[in-house]
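Q: need a 3D model of the sequence below.
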Amino acid sequence: MEIIIQETKQQASDVAARLIAKLITEKPDCVLGLATGSTPLPLYRRLIEMKLDWGKVTTFNLDEYIGLPREHPQTYHTFMWENLFHHVNINADNVHIPDGNAADIPAFCQEYEERIKAAGGIDLQVLGIGTDGHIGFNEPTSSLASRTRIKTLTEQTCKDNARFFGSEEKVPNHVITMGIGTIMEARTNLLLAFGENKAQAIAEAVEGPVTSINPASALQMHPVVKVLIDAPAASKLERIDYFRWVHDNKPDWQKI
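A: From the prediction side, this is the model:
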């Protein structure tokens, strides 16, 4: 894991944007895994400002609620088109978001896995992290080998997401999510986290044991992970000075 601590979430998001821009420039037909929620919004805004050529890019989103109409304001389909896809020249045929209204959810999940494989696998996966360490909607105790599947949200996640729906009762209980095993097959993972409320989950994911109680800790076993966090999210890292020193003393060819 490479831990990159920036003072603000915008600075951390700018680093992530430069990494994605470099990939799109060097590999125009790259495959991106994308996340939703408030965390990646500064990243998406910066990518839009960069006016990159998305014409050959393929995307796969991490997750989606089950049972909401596709055009519902809180579906991740709506989120992605409003906050990124409508503002870049991506081919709609290359956009893949889990279908929360599929007639056969298990069959759809298997097909989603096959689509990722047929596209050549994910080059770079963007991730956020929940206050309990979940990535995608892989809640604590999720199998570290899991694949795309249906999941039931925890009470904590429903509480965290209630701000988007107006109340906890309106948050759907079931979702489709890429599995941790699916995420671990991406060639690069970018984990973003901002704010003090994510500090404990980040500390456990980075410095704690690899455990299904904190699903993000599985990323310790991935060969290429960059953890991009602001100062408040880094505040509980015991080795924060070391991580800052490493980043500040990189050779020029490694700097982003």
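Q: for stretch 158-167, buried residues please.
A: Neighbour-count burial for stretch 158-167, counted by 16 or more other CB atoms under 10 Å, picks out Cys158, Asp160, Asn161, Phe165. (Glycine included, C-beta is placed from N, CA and C.)
Q: okay, the last one and Leu68: tell me how far apart.
A: Note on Phe165: its distance to Leu68, by CB to CB, to the nearest Å, is 10 Å.
Q: between the two, which contacts overlap?
A: Common contacts of Phe165 and Leu68, defined by CB atoms under 8 Å, 6 or more residues apart in numbering, comprise Gln74.
Q: lowest average confidence, helix or strand, in this structure?
A: Taking mean pLDDT, DSSP states H and E as the measure, helix 155-165 is the helix or strand of the chain with the lowest mean score, a mean of 86.
Q: let's see it as CSV, backbone CA atoms only.
A: Extracted in CSV, the C-alpha atoms of helix 155-165 (Å, rounded to 0.1, in the frame of the first residue of the first chain):
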residue,chain,number,x,y,z
GLU,A,155,-27.9,-0.9,10.1
GLN,A,156,-24.8,1.4,10.1
THR,A,157,-24.7,1.7,6.4
CYS,A,158,-28.4,2.5,6.2
LYS,A,159,-27.8,5.2,8.8
ASP,A,160,-24.8,6.6,6.9
ASN,A,161,-26.8,6.7,3.6
ALA,A,162,-30.0,8.1,5.2
ARG,A,163,-28.8,11.6,4.4
PHE,A,164,-29.3,10.9,0.7
PHE,A,165,-32.8,9.5,1.1
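Q: check which element follows that helix along the chain.
A: Using DSSP states H and E, the helix or strand that follows helix 155-165 towards the C-terminus is strand 174-177.
Q: restrict that following strand to CA atoms and write it as PDB.
A: These are the backbone C-alpha positions of strand 174-177, laid out as PDB (Å, rounded to 0.1, in the frame of the first residue of the first chain):
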ATOM      1  CA  HIS A 174     -30.500  -4.900  -0.600                       C
ATOM      2  CA  VAL A 175     -27.900  -4.100  -3.200                       C
ATOM      3  CA  ILE A 176     -25.800  -5.600  -5.900                       C
ATOM      4  CA  THR A 177     -22.100  -5.200  -5.300                       C
END
